[in-house]
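S.K.: When you get a sec, could you give me coordinates for this:
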Amino acid sequence: MSRKLKEYMFKFFIYASAALTVSILFFITFYIAINGGTSLNFEFLKNILPMFLNTIFAVILTLVFVVPIGLATAIYLQEYAKPSISTKIITFATDCLAGTPSIIMGLFGLLFFVKLLGFGFSMLAGCLTLSMLVLPTIIRGIEEALKTVPTSYREGSFALGATKIQTIFKVILPSCFPGILVSIILATGRIIGETAALIFTAGTALQLSESLFSSGRTLAIHMFLLVKEGLDISEAYATALLLLMLTLALNAIANIISWRLNKIV
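M.R.: The predicted structure is shown next:
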């Protein structure tokens, strides 16, 4: 087999894989839209509004918990830590958290946050549990973003007399902010679609969560319960379509912000 033929075969495999990935996304979107589009009306949106607001509330509260911790951990691992037992322990713990099934994390949240700490079935218990689920995504994503900043940026900042912390906050973080934003969006997608961890912690009350200590179901939980109880499959598809539209909108916004920031930088 000639070298040129091997190159053509390799390119074909790459393009075919990319086309297959895009096709899967369009097929899923089209299938859900066909089955749920007819139920996506004003009455449905009015009934689903409490679950939608609960979902947004869960996303914001979880990110408030997890982004500062994930950012600080990633900065420590990339900018301060040297190869040692402590860094290996942190990396090992992050990998273990990333590989923990959400159902196990939900059971832990039920026993620890709901029962032991007495938070009850509440958004606080649910978001704290979600924080442990998405923390590895935030840490790894921000760590990879920090690695993309050239070493010359750091050396130039130090040469001008800037301190380590000034270099991090005024040079490194602004330079890799688009990558940080991508990791946050990935974590947001995980939060939006999570069910197992929230069923055991946030509860399934069909109401708007009015405080940190009140129960409330998100869109993903509502969709799961509709299918599980066999109440209205078309409404479940409509809920799935709403979730998909929300995820696509978040990714589109993130891409626009990243594009604008890259133009500025």
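S.K.: Specify the residue ranges that define each domain of the chain.
M.R.: Here the domain assignment for the chain is 1-39, 42-264, based on automatic domain parsing.
S.K.: Dump those domains to a markdown table, plus mean pLDDT and mean neighbour count.
M.R.: Glycine gets a C-beta too; all of them are placed from N, C-alpha and C. Conversion of these to a markdown table gives the following (pLDDT from 0 to 100; neighbours: other C-beta atoms under 10 Å):
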| stretch | mean pLDDT | mean neighbour count |
| --- | --- | --- |
| domain 1-39 | 84 | 11 |
| domain 42-264 | 85 | 17 |
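S.K.: Run the chain-centre distance for stretch 142-152.
M.R.: Stretch 142-152 has its C-alpha centroid displaced from the chain centroid by 21 Å (C-alpha atoms, centre = their mean, to the nearest Å).
S.K.: Show me what that stretch is in contact with.
M.R.: In this structure, residues lying in contact with stretch 142-152 by C-beta atoms under 8 Å, 6 or more residues apart in numbering are 70-71, 74-75, 77-79, 171-172, 175-176, 178-180, 182-183.
S.K.: Same question for stretch 237-252.
M.R.: 28-29, 32-33, 35-37, 39-40, 44, 48, 51-52, 55, 185, 188-189, 192-193, 219-220, 222-223, 226.
S.K.: Apply 6 Å and report the result again.
M.R.: When contacts are defined by C-beta atoms under 6 Å, 6 or more residues apart in numbering, stretch 237-252 is touched by residues 32-33, 35-36, 39-40, 44, 185, 188-189, 219, 222-223.
S.K.: In those residues, find the pair that's most separated.
M.R.: Spatial extent of those (C-beta to C-beta) is set by the pair Ser39 and Ile185 at 27.7 Å.
S.K.: Could you pull up phi and psi at the most centrally placed residue in the chain?
M.R.: Geometric centre of the chain, nearest residue: Ala187, 1.3 Å, by C-alpha atoms, centre = their mean. The phi and psi torsions at Ala187 (degrees, to the nearest 10) take the values phi -60, psi -40.
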